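**Student:** 3D model of this:
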Amino acid sequence: MRVAVYAGSFDPITSGHLSILDEAVRLFERIFVVVAVNPAKATMFTEEERVRLAREATAPYPNVTCTSTKGLIVDFAKAHGAAWLLRGIRGSIDSEYEMSLAQINQALAPEISTLFLLARPDAAVVSSSLLKELARCGAPMSHYCPPVVERALRERMLGLQNGGPR
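**Tutor:** Predicted coordinates for the structure are as follows:
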């Protein structure tokens, strides 16, 4: 069985992430979308919220499972029988960072390969950071994220404006 891991902070999942999955679900029999938890990184959504949003956004893909890990992605991949790590590329800025990450993962687990997939051109412009900025400004987001994410971002922004918790 061809098994892959697609990991990221997914804070939150975007149309760009989903465009990578559109391609990947045709290539792999099983894909784990893994919310990678980095305690040093400040996120808008909790680990549980990011997993829930990813699950709802990926519901149309029957071969995708969403979960999270606090450990190394290569260790998660080994434990779940994945031979591939999927990485999305939006442009040249991503490619340098992603190449470095792939080289580190290759050194840690030579038996696991990294596959770079290009985001669709219409989805390549969006990042989670840009999406959060659009939400802060009240700008339209529907082209850049699934409806469940747009609702969550609008609710979070409303809560922040009203002095609520993150």
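**Student:** confirm Phe32 sits in a helix?
**Tutor:** No: counting by DSSP: H, G, I helix; E, B strand; the rest coil, Phe32 is not part of a helix but strand.
**Student:** can you tell me how far it is from Phe76?
**Tutor:** Here Phe32 is placed at a distance of 7 Å from Phe76 (Cβ to Cβ, to the nearest Å). All C-beta spots, glycine's among them, are computed from the backbone N, C-alpha and C.
**Student:** try Ala124
**Tutor:** 26 Å.
**Student:** neighbour count for those two, which is higher?
**Tutor:** Applying other Cβ atoms under 10 Å to Ala124 and Phe76 shows that Phe76 carries more neighbours, namely 20 against 17.
**Student:** for that one, which non-adjacent residue is closest in space?
**Tutor:** Thr69 (4.7 Å; Cβ to Cβ, 6 or more residues apart in numbering).
**Student:** count of residues packed around Ser127?
**Tutor:** 15.
**Student:** around the residue nearest to Phe76, how many other residues sit close by?
**Tutor:** Look at Thr69: counted by other Cβ under 10 Å, it has 19 neighbours.
**Student:** many thanks, have a good one.
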